[in-house]
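Peer 1: need a structure here:
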Amino acid sequence: MRVYPTFFRLAFSWMDAERAHKIGFRAIRLVHATGAGKALYKFTAPAPSLETKAFGLTFPSPFGLAAGFDKEGLGIEALSELGFGHVEVGTITGQAQPGNEKPRLFRLVEDRAVINRMGFNNDGASAVAPRLRSARAALQRRHPGVRPLIGVNIGKSKVVELEDATEDYLLSARNLAPAADYLVVNVSSPNTPGLRLLQNVETLRPLLKAVGETADQAAGRHIPLLVKIAPDLSDEDIDDVARLALDLKLDGIIATNTTIGREGLATAPEQVAECGAGGLSGAPLKGRSLDVLRRLSSATEGKLTLIAVGGVETAQDVRERLDAGATLVQGYTAFLYEGPFWAAHINRQLAKL
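Peer 2: Numbering: from 1, shown residues only. This next block holds a predicted model:
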């Protein structure tokens, strides 16, 4: 397990972060394409004792991959072969878009963190939908019992004005819900101008209601619906979102997205400043994301599924979040630092715990 950090330092740490990500992701998909991933899964598959039920579904492990790694549904099967109990795809928008100008992804190695301002770069909902259908069918064939599940994270297209955001989300819901196991409304990325304004409960209420109804209608079944919130919300706003989620009978909340804060970093301030604007993820987010989770857990009293994400690196981190009220836990940034067997290692340790 500890071989990869040395490999990362030698092969990737000097390379542009986005380029390194693309190379690593291609390698993961190549392993699947050659058929080696199927053999690998014998060693990475979660122990049966880790099966977890959430919003009427059974997950092979409570630990999954957060949105942001596979933005376009290109490697769902390959990533599931690494041991993730679910793969959340996205963020996907109604319209295809290139995202923000490069460079837009930066590592803070000393902090085991990343700053990104990707800007929801993706091929658009209509292009991603067939990939999701294909991956879901393949996982069903290969895992006739409990299979890795597919979450779909949707956001607002940059060119769409805030007053037209709902219809843009509905376009994504109609295309993507039929192939999704659950759907996430992302209103908390800092990299789409004005997006976080949609976290205001007066705006959020009609948006979530419309997306939920449209998703169920498009899929012909109930699609579990969650909302993903920012760690930068005030405690009062977190309580408001919790009350809204309960009132609308949402299936859950994901806490949290990246932060615009830069407090307590070991990286030199001038280096951080050079990275510019964007959302910070990774180890520095651990404390705040856990605080938000605990507040949500108290406010919702177990009536909603909570998915914890932010600063998750070890099986102990996963266990801490489960103990704090989460049903499922996600990671992403540590995957970049720990390598392809990270999920399998966490699952093995979780089974022991």
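
Peer 1: What is the subsequent helix or strand relative to whatever helix or strand I23 lives in?
Peer 2: With elements taken from DSSP states H and E, the one containing I23 is helix 17-33. Sequence order places helix 36-44 as the next helix or strand after helix 17-33, per DSSP H and E.

Peer 1: helices or strands next to that next one in the packing?
Peer 2: If you count contacts as 3 or more Cβ pairs under 8 Å, 6 or more residues apart in numbering; DSSP states H and E, helix 36-44 packs onto helix 342-352. C-betas here are computed from N, CA, C, even on glycine.

Peer 1: does the residue of the chain most remote from its centre count as helix, strand or coil?
Peer 2: Residue farthest from the centre of the chain, counting by Cα atoms, centre = their mean, is E270 at 29.2 Å. When classified by DSSP: H, G, I helix; E, B strand; the rest coil, E270 comes out as helix.

Peer 1: average pLDDT for the helix holding I23?
Peer 2: Taken as a whole, helix 17-33 carries a mean pLDDT of 91.

Peer 1: Which residues does that helix contact?
Peer 2: Residues from elsewhere that reach helix 17-33 (Cβ atoms under 8 Å, 6 or more residues apart in numbering): 12, 15, 37, 40, 69-70, 74-75, 77-79, 81-82, 102-107, 114, 336, 340.

Peer 1: Out of these, list just those in helices.
Peer 2: Among the contacts of helix 17-33, the ones falling in helices (DSSP state H) are 37, 40, 77-79, 336.

Peer 1: ok, now which ones touch Q140?
Peer 2: Contacts of Q140 by Cβ under 8 Å, 6+ apart are R147.

Peer 1: Would you check how far apart it and R133 are?
Peer 2: Remark: distance between Q140 and R133 (Cβ to Cβ, to the nearest Å) = 11 Å.

Peer 1: Tell me the pLDDT of Q199.
Peer 2: For Q199, pLDDT reads 58.

Peer 1: Show me the shaky parts of the protein.
Peer 2: Within the chain, the segments meeting pLDDT under 70 span 1-14, 188-201.

Peer 1: Please, where are all the strands along it?
Peer 2: 52-54, 57-59, 63-65, 86-93, 105-108, 113-116, 149-155, 182-186, 225-229, 252-255, 279-282, 305-309, 328-331 (DSSP state E).

Peer 1: who touches the last one?
Peer 2: Applying Cβ under 8 Å, 6+ apart, the external contacts of strand 328-331 come out as 52, 54, 59, 62-66, 85-86, 88, 254, 305-309, 312-313, 317-318, 321-322, 342-343, 346.
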